[in-house]
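**Student:** Take a look and give me a structure for this.
(one chain, ligands or ions: 1)
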Amino acid sequence: MELEFEKTRRQHIIDLLQLKSWSVYELAKELDVEVNTVVNDLEHIKRSISFPYKMNIFPPECTNCGFKFKDRSKFTKPSRCPRCKGERIIPLMVKIDFVKSTKRQ
Ligand SMILES: [Zn+2]
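**Tutor:** Prediction:
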């Protein structure tokens, strides 16, 4: 069972994600909670979100060589780039879009 404050925080995250794309780090700062808490909330939202809403996930990217971590499913940031070993990585970003079409995607 979901606790009431969790439900409220998750709804807040869903509202924020409809405004723009966010990383877990930005969300944690905005909500003043631990990164792990946001990760758990996003996992929950990802499982429970349904049409006409869709969660869009933008993979982390290396600022040095442009490598995209396309296969990464974790919301947290990889520590270094497997291609150039660079450590400046743009974190994974999440956004929620409202799908206007009546067709399921
Ligand atoms: Zn790189």
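**Student:** which parts of the protein sit against the ion?
**Tutor:** By C-beta under 5 Å from the ion, the residues of the chain that approach the ion are Cys62, Asn64, Cys65, Phe67, Cys81, Arg83, Cys84, Gly86. In this view, the C-beta of every residue, glycine as well, is placed from N, C-alpha and C.
**Student:** Quick one, grab the pLDDT at the first one.
**Tutor:** Here the pLDDT value assigned to Cys62 is 97.
**Student:** any idea how far Phe51 is from it?
**Tutor:** For Cys62, the distance to Phe51 equals 34 Å [C-beta to C-beta, to the nearest Å].
**Student:** now do the last one
**Tutor:** Relative to Phe51, Gly86 is positioned 38 Å away (criterion: C-beta to C-beta).
**Student:** Same question for Val99.
**Tutor:** Counting by C-beta to C-beta, the gap from Val99 to Phe51 is 6 Å.
**Student:** returning to what we had before: sort out which of the residues of the chain next to the ion are buried, if you could.
**Tutor:** In the residues of the chain next to the ion, burial by neighbour count holds for Cys62, Phe67, Cys81, counting by 16 or more other C-beta atoms under 10 Å.
**Student:** The first one - nearest residue in space that isn't next to it in sequence?
**Tutor:** Put plainly, it is Cys62. Nearest residue to Cys62, sequence neighbours excluded (C-beta to C-beta, 6 or more residues apart in numbering): Cys81, at 3.9 Å.
**Student:** remind me which residues of the protein are low pLDDT?
**Tutor:** Where the chain drops to pLDDT under 70, the residues are 1, 101-105.
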